[in-house]
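> Just need the structure, nothing else, for what follows:
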Amino acid sequence: MTGNERDAARTRARILAIAQQLFAEHGYAGTSIADIARELGTSKAALYYHFASKEEILGALVAEPVAGYADLAARVEKEPVPAEEILDALIRMTAEAQLLDTLLGNDPSITSVLRRVYNIQDYTEKIIAGLAGPKPNQAAMVRARAAFAVAKQATFLVIMTNGGALTRTARTELLGAALRCLGR
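Numbering: from 1, shown residues only. All right, here's what the predicted structure looks like:
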């Protein structure tokens, strides 16, 4: 990597950090490209060199977590995956993307963009179907949704109340609680 490429990568990383902070403080809709450029100490034109739009910045912020979620959904759609493995992956992904989850959960304008750009609801339904098992009845679907909710929402709440950390013990308890929802 050349010096210019390293500088560009550092600048992109700074843009993303600033955008994430501003989105968290003012909301996605309440943050403009001008706001990001001003905080970065540059012009809008210089910012557009790195990102073509605010939506592209948001895409870069969520790319890794969404890709992991999409991969899990594709995998459970193709092959049977043990519920424990699915739930463990959901807990891990939620813990790894906790700051982003906070950002996304508190801003309906971000949710709207993500629904338009990514098929998050489809991924969620595939993962829930994987938890419910083959040919599930209504009760199995309810249990699968409850287990999914524990893996995602309870993980998020545990992290929030534990200073941003997920201990091994808490992770084990969350996985156990989610599995109990499935009747295991």
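> Going by C-alpha atoms from here, please, whenever you check contacts or count neighbours.
Fine.
> For burial, what's the neighbour tally of Ala34?
When counting by other C-alpha atoms under 10 Å, one arrives at 14 neighbours for Ala34.
> need the contact list for it.
Going by C-alpha atoms under 8 Å, 6 or more residues apart in numbering, Ala34 touches Ser43, Lys44.
> Ala151 too?
Taking C-alpha under 8 Å, 6+ apart as the test, what Ala151 contacts is Leu87, Asp88, Leu90, Ile91, Leu174, Leu175, Ala178.
> So which of these wins on neighbours?
Ala178 (28 neighbours).
> any idea how far that residue is from Pro136?
Using C-alpha to C-alpha, to the nearest Å, Ala178 is found at 18 Å from Pro136.
> One more: Ala63?
32 Å.
> Could I get the CA-only coordinates of stretch 58-75 as PDB?
Provided in PDB are the C-alpha atoms of stretch 58-75 (Å, rounded to 0.1, in the frame of the first residue of the first chain):
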ATOM      1  CA  LEU A  58     -24.100   4.600   6.000                       C
ATOM      2  CA  GLY A  59     -23.500   1.600   3.700                       C
ATOM      3  CA  ALA A  60     -19.900   1.500   4.700                       C
ATOM      4  CA  LEU A  61     -20.800   1.700   8.400                       C
ATOM      5  CA  VAL A  62     -23.100  -1.300   8.200                       C
ATOM      6  CA  ALA A  63     -21.400  -3.300   5.500                       C
ATOM      7  CA  GLU A  64     -19.700  -5.800   7.700                       C
ATOM      8  CA  PRO A  65     -22.500  -6.500  10.100                       C
ATOM      9  CA  VAL A  66     -25.000  -6.800   7.300                       C
ATOM     10  CA  ALA A  67     -22.700  -9.100   5.400                       C
ATOM     11  CA  GLY A  68     -22.400 -11.400   8.400                       C
ATOM     12  CA  TYR A  69     -26.200 -11.400   8.900                       C
ATOM     13  CA  ALA A  70     -26.700 -12.100   5.200                       C
ATOM     14  CA  ASP A  71     -24.200 -15.000   5.300                       C
ATOM     15  CA  LEU A  72     -26.000 -16.600   8.200                       C
ATOM     16  CA  ALA A  73     -29.300 -16.300   6.500                       C
ATOM     17  CA  ALA A  74     -28.000 -17.800   3.300                       C
ATOM     18  CA  ARG A  75     -26.400 -20.700   5.300                       C
END
